[in-house]
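J.: What follows is a protein structure lacking sequence information:
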């Protein structure tokens, strides 16, 4: 096993705390590593220009540019408040990138799933485990669609990330 393969295996099985600690340490020791991590994890102030440049080049994993950019406006990756998925603020936020339901997933007691259900034997009907295992027994209150159908959300639009205040990162 090569050193590279060994390192990739160690990264795969390391704890999140160990990886964070190691990444912080590397960033403090190397300006090049710091610049690489900033480019990967932060969105620059000229976000739209950077996104367009990356699309034109066909890659977001190219070499670090020598651009002079000291201001970053937010984390590059955010979790959407609507669909609860992580997205890249530079490349994954078009007008229909996000799909979600506005309402709650409610139990449909008239559905055949619950005909022979005994809560003493099977557990609660209306809980997260049942929603996951028996989605057909639930209905979205916002649109009346059955639970569990992928890409069948009733709303679409751009992702909505938490607002971040501008902050400066100095090299």
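T.: Noted; the coordinates are in hand. All values reported here derive from a predicted model rather than from experimental measurement.

J.: Tell me the strands beside the helix or strand where residue 73 lies, with direction?
T.: Using DSSP states H and E, residue 73 sits within strand 71-75. As defined by DSSP bridges, the strand partners of strand 71-75 come to strand 42-44 (antiparallel), strand 167-168 (antiparallel).

J.: hey, least reliable of those by pLDDT?
T.: The minimum mean pLDDT among the strands paired with strand 71-75 belongs to strand 167-168 (a mean of 50).

J.: quick one, longest helix in the protein?
T.: If you go by DSSP state H, the chain has its longest helix at helix 16-29.

J.: what's in contact with that helix?
T.: With C-beta atoms under 8 Å, 6 or more residues apart in numbering as the test, helix 16-29 has contacts from 11, 14, 33, 34, 37. C-beta: built from backbone N, CA, C; applies to glycine.

J.: From these, which land in helices?
T.: Among the contacts of helix 16-29, the members found in helices (DSSP H) are 11, 33, 34, 37.

J.: filter the residues you listed to the buried ones?
T.: With burial judged by 16 or more other C-beta atoms under 10 Å, the buried subset of these is residue 37.

J.: what two of the ones in helices among the contacts of helix 16-29 have the greatest distance between them?
T.: Within the ones in helices among the contacts of helix 16-29, 11 and 34 form the most distant pair, 18.9 Å apart (C-beta to C-beta).

J.: For stretch 109-126, list every residue counted as buried.
T.: Result for stretch 109-126 [16+ other C-beta under 10 Å]: buried residues 113, 114, 125.
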